[in-house]
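[1] I need the structure of the sequence given here:
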Amino acid sequence: MNSIRLEENISLSNFTTWRIGGPAEWIAQPKNIEEIKYLIHWTTKKKIPCNIIGAGSNLLINDKGIKGLSLCMRNFKGIQIDKSLGIIDVLSGEMLPTLARKAAASGLHGLEWAVGIPGTIGGAVVMNAGAQEHCISDYLQSITTLSFAGDYTIINRKDLNFGYRYSPLQDDPCIVLSARLKLESGHAEKIRQLTNDNLNHRLRTQPYQAQTCGSVFRNPEPLKAAKLIEELGLKGFRCGGAEISKIHSNFIINANQASSYDVRELIKYIQERVFNSYGILLETEVKQCGF
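    Sure, this is the predicted structure:
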């Protein structure tokens, strides 16, 4: 298709919020279903892997880069809202903060917590993203996926077996195309205010403007990873250019041209310290690609 821009050897550091990552063998940013299907067929024909990237906010990419096609979904956007039914249909490349604000403006309650999460709805569904005791699966009705064989499937929420920061989509080679959410009607101004309050809280308590991937570790419920790390006095600890945030200890900052090696070593160091002190092995939320 003439409209698709396929590029070679493009640095993926510009496609992750950590600003870390080597070159993609190939990269494309489809805008519609037809382009996605074409690209899937193209990878199948060339017998190369296809790596799905959303906002790159939960992703650590090897400095050596990754083989195959990196399919960046951030231009695959669209939101349709039925206020009377509280139904939102959203394409997977749409950003969560945008979705949260549009839901609030429509007087729909439920996504106020999502305004500060810098990810796409597709990535949120795959990871079952959440905050403040909420998660995206709480409001999901169904999703539409595309297999690498070119088959569409509509999957109801009850068939997805969501867990804490988990969905079976993490183990299923398919592309999330869209999601249908069900929200409750409410007072638009109050919902907007709560949404803004949630964002302001994040700005105060997290290194929101820094180059991070969001939370690095899953919480070993009922404990909090940040509290365990902070109790060990690790805020501000550095490995190369990677630093544990002084604001929130479950965030690792690219403080000074950090490499993927720096981040991985810092993750391992945190895990070792926490395990040696508490007997708890922290599991990562962040997806590591190309290692």
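
[2] mind listing the helices for the stretch 101-250 of the chain?
    121-127, 188-205, 225-231 (DSSP state H, counting those that start in this stretch).

[3] partners of the least confident helix or strand in the chain by mean pLDDT in the sheet?
    Using mean pLDDT, DSSP states H and E, the weakest-scoring helix or strand in the chain turns out to be strand 130-131, at a mean of 86. Here strand 130-131 is paired, per DSSP bridges, with strand 134-135 (antiparallel).

[4] how far does the partner strand sit from its chain's centre?
    What separates the centre of strand 134-135 from the centre of its chain is 14 Å, taken as CA atoms, centre = their mean, to the nearest Å.

[5] quick one: mean pLDDT for that strand?
    This predicted structure assigns strand 134-135 an average pLDDT of 92.

[6] tell me which of the helices of the stretch 101-250 of the chain sits most buried.
    Highest mean neighbour count of the helices of the stretch 101-250 of the chain: helix 121-127, a mean of 27 (counted as mean count of other CB atoms under 10 Å). All C-beta atoms are positioned from the backbone trio N, CA, C, and that covers glycine.

[7] returning to that earlier point: hmm, who's touching the least confident helix or strand of the chain?
    Counting by CB atoms under 8 Å, 6 or more residues apart in numbering, the neighbours of strand 130-131 from elsewhere in the structure are 113-114, 116-117, 136, 138, 165.

[8] now swap in stretch 229-248 and tell me
    Stretch 229-248 has contacts (CB under 8 Å, 6+ apart) with 205-207, 210, 212, 217, 226, 249-259, 261-263, 265-266, 269-270, 273-274, 277.

[9] end-to-end on that stretch?
    Using CA to CA, to the nearest Å, one end of stretch 229-248 lies 10 Å from the other.

[10] who does residue 176 form a beta bridge with?
    Beta-bridge partners of residue 176, as defined by DSSP bridges: residue 145.

[11] count the residues that sit near it.
    Counted with other CB atoms under 10 Å, the burial measure for residue 176 works out to 26 neighbours.

[12] next one: the one 10 residues further on
    Counted with other CB under 10 Å, residues neighbouring residue 186 total 18.

[13] again with residue 242
    If you count neighbours by other CB under 10 Å, residue 242 ends up with 26.

[14] same question, residue 182
    Residues lying near residue 182 (other CB under 10 Å) number 16.

[15] I'd guessed it sits against residue 89; true?
    No: with contacts defined as CB atoms under 8 Å, residue 182 does not count as touching residue 89, sitting 10.8 Å away.

[16] low-confidence stretches in the stretch 1-150 of the chain?
    By pLDDT under 70, the weakly predicted segments of the stretch 1-150 of the chain are 1-2.

[17] how is this structure carved up into domains?
    7-72, 79-205, 225-289 (automatic domain parsing).

[18] and the residue nearest to residue 254 when sequence neighbours are not counted, what is it in contact with?
    Nearest-residue entry for residue 254: residue 211, 3.9 Å, with adjacent residues in sequence omitted and distances by CB to CB, 6 or more residues apart in numbering. Contact partners of residue 211, counting by CB under 8 Å, 6+ apart, are 17-19, 253-254.

[19] so where do the strands sit in the stretch 101-250 of the chain?
    Counting by DSSP state E, counting those that start in this stretch, the segments of the stretch 101-250 of the chain that form strands are 108-109, 130-131, 134-135, 140-147, 152-156, 174-182, 184-185, 238-239, 242-244.

[20] any idea which of the ones you listed gets closest to residue 49?
    Closest approach to residue 49 among the strands of the stretch 101-250 of the chain is made by strand 174-182 (13.2 Å; CB to CB).

[21] how about residues contacting that closest one?
    Applying CB under 8 Å, 6+ apart, the contact partners of strand 174-182 are 33, 36, 40, 52, 71, 73, 76, 86-92, 110-111, 121-122, 125-126, 136, 139-148, 152-153, 169.

[22] how far off centre is that strand?
    Strand 174-182 has its C-alpha centroid displaced from the chain centroid by 14 Å (CA atoms, centre = their mean).

[23] what does stretch 28-42 contact?
    Contacts of stretch 28-42 (CB under 8 Å, 6+ apart): 1, 3-7, 50, 69-76, 146, 148, 150, 175, 177.
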